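[1] Got a sequence here, can you model it:
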Amino acid sequence: MEKDNGLVNKNVVKEWLLWGFFWAVLAPLWGILLSLTFNYPTYLSGEFIHFGRLRPLHVNGVIFGVFSTLFLGLIQYMVPKLTGARMEREAWSRAALWIWNVSLLAGFGGILLGYNKGLEADELPALAASGLVASLLIVTWQVLGAIARRKEEKIYVALWYTIAALVWTDLNMVFGNLVLPHVMPGVSNAALHGLYIHYVVGLWITPGGLAIIYFFLPAAAKAPLYSHKLSLIGFWSLAFFYPFVGIHHYLLSPIPAWTQTIAIVASMMLIIPVWTVVANFFGTLKGGKWGAFQTDFTVKLLIFGAAMYFIGSTQGSVEALRGLQVPTHFTDFVIAHSHATVFGGYVIFVLAACYYVWPRIAGGGFDARLAQWSSWMIMAGISSMIGILIIQGLVQGTALAAGAEFVDTVVAMKPYWFIRTITGITMDIGIALVGINLYLSGRKAAAARGAR
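    Numbers count the residues shown, from 1 in each chain. Purely as a prediction, here's the structure:
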């Protein structure tokens, strides 16, 4: 057990993670309900629960609910450990927590009532989005303040990614909520939206997820990071290339062709940070440390998540090529990429970190058998989902390219969609079991302390 140096506010971390577990149950559930509409299109037909209102809840719930809430909670644990200093204005942590989650609840309620900005991953009503921005600014101030007062001379790579994620996203959230909805209508707005949504993924979720694995993999495996040079290459190549990739969603569109070509080149260059950071993670387990993959659930899920991140991100680079977009765009091949990276990579990263953090802040441990079952359900579910989505996307895309009627291809997809729902249920139960396992173990530990 890691030595407690008294720098971490355990109650604040616990509250952030509990909210994250709440969203980890709810947001994937919305995804299951939505997936059923592909086979049973009329069962969600009420005014407030049809596909158009629930789909933004699923997307925003996963990004800002599951991943972001758990990541912001883990920041409250990582930063004091890495800096040797308590969080700046520590009392603000709880204010940031409530502003964040109340804003999400209000925003999701607004979407159900029909208040929607009409931009993907930017649907939240302006007031709710402003609350998220305010909360992020508070956490950014806290992190930068702790780094300014740090006792450790060096700034570890996990802190680089944490700083980058917060600063880039503060700017992007202001851009997406105050600028994007109100200026440059038409095709220019589509181009700017392509930048916004990819900045959410590439300049928030990606550096945030990599900060998690860079901190918790060496800590859980009790091994030094394999290569500092690889971490430098990974960080700076991400920072340099990712800002240009957003328009690869709009190839063969009226957007100027030279901007599309830049996006394609930048997308292919993202192979550099992806492959270097994955090599760094796998190299960290050299020298007899691979046994931790079998025995430690943090290591197991982090390494599996790194493999999914590698697969999904490499797929994302190659599907930016014009030749590959022709048979795959607007098919489930693209959905396979987003699920492999966001669910298979980043959400699994933060869940893996919770296995490490929760026993250290709540006491006790967790049920190893339940953890084993949940891990296998997560890994089997997401792997099977990605496989079926890739297959059905290629089947539909090639059929359309051969001249098939669109409606006929939709009918052909129904068996694949049903299997996709089953795999999603498997994965989502596994995710929920992680939170349930850790929560119950914390309750049991608290009861034991009370009995003494």
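
[2] low pLDDT regions in this structure?
    Scanning the chain with the threshold set as pLDDT under 70 gives 1-4, 451-452.

[3] List the buried residues for stretch 286-306?
    By 16 or more other CB atoms under 10 Å, the buried positions in stretch 286-306 come out as 289, 292-293, 296-306. For glycine as for every other residue, the C-beta is placed from the backbone atoms N, C-alpha and C.

[4] again but with stretch 321-330, I slipped
    Going by neighbour count (16+ other CB under 10 Å), the buried part of stretch 321-330 is 325, 327-329.

[5] Just give me the closest of those residues to Asn116.
    His329 (24.2 Å; CB to CB).

[6] how close does that closest one sit to Ser313?
    18 Å (CB to CB, to the nearest Å).

[7] again with Ser93
    Applying CB to CB, the value for Ser93 to Ser313 is 32 Å.

[8] One more: Asn39?
    Counting by CB to CB, the gap from Asn39 to Ser313 is 30 Å.

[9] try Thr341
    Applying CB to CB, the value for Thr341 to Ser313 is 6 Å.

[10] More neighbours: which of these two?
    Legend: neighbour count by other CB atoms under 10 Å for Thr341 and Ser313, higher for Thr341 (27 against 22).

[11] which stretch of helix or strand covers the residue nearest to Glu120 when sequence neighbours are not counted?
    Of all residues not flanking Glu120 in the chain, Ile197 sits nearest, at 5.8 Å (CB to CB, 6 or more residues apart in numbering). If you go by DSSP states H and E, Ile197 is part of helix 187-200.

[12] phi, psi of Arg86?
    The phi/psi pair for Arg86 (degrees, to the nearest 10) reads phi -70, psi 160.

[13] who's in contact with it?
    7, 9, 80, 146 (CB atoms under 8 Å, 6 or more residues apart in numbering).

[14] Name the helix or strand for Ser231, please.
    Going by DSSP H and E, Ser231 is in helix 228-241.

[15] Give me the buried stretch members for that helix, please.
    Within helix 228-241, the residues scored as buried using 16+ other CB under 10 Å are 230-231, 233-235, 237-239, 241.

[16] for the very next helix or strand once past it, packing partners?
    Next helix or strand after helix 228-241 toward the C-terminus (DSSP H and E): helix 257-269. Secondary-structure packing of helix 257-269 (3 or more CB pairs under 8 Å, 6 or more residues apart in numbering; DSSP states H and E): helix 228-241, helix 297-318.

[17] could you point out which element follows helix 257-269?
    helix 271-284.

[18] one step back: so which of the buried residues of stretch 321-330 belong to helices?
    Taking DSSP state H, the ones among the buried residues of stretch 321-330 that sit in helices are 325, 327-328.

[19] hang on, the earlier thing: and the furthest pair within the buried residues of stretch 286-306?
    Farthest apart among the buried residues of stretch 286-306 by CB to CB are Lys289 and Gly305. That separation is 17.1 Å.

[20] Tell me how far Phe418 lies from Ala164.
    Here Phe418 is placed at a distance of 41 Å from Ala164 (CB to CB).

[21] Of those two, which one has the most company?
    Using other CB under 10 Å, the more surrounded residue of Phe418 and Ala164 is Ala164, with 20 against 15.

[22] Near the nearest residue to Leu203 once chain neighbours are set aside, how many other residues are there?
    Nearest-residue entry for Leu203: Trp168, 4.0 Å, with adjacent residues in sequence omitted and distances by CB to CB, 6+ apart. Neighbours of Trp168 under the rule other CB under 10 Å: 19.

[23] Hmm, Trp168 is touching Thr206, no?
    No. In this structure Trp168 lies outside contact range of Thr206 using CB atoms under 8 Å: 10.0 Å.

[24] For the helix or strand harbouring Ala336, name the packing helices and strands.
    Using DSSP H and E, Ala336 sits in helix 332-338. Packing partners of helix 332-338 (3+ CB pairs under 8 Å, 6+ apart): helix 297-318, helix 368-401, helix 406-451.
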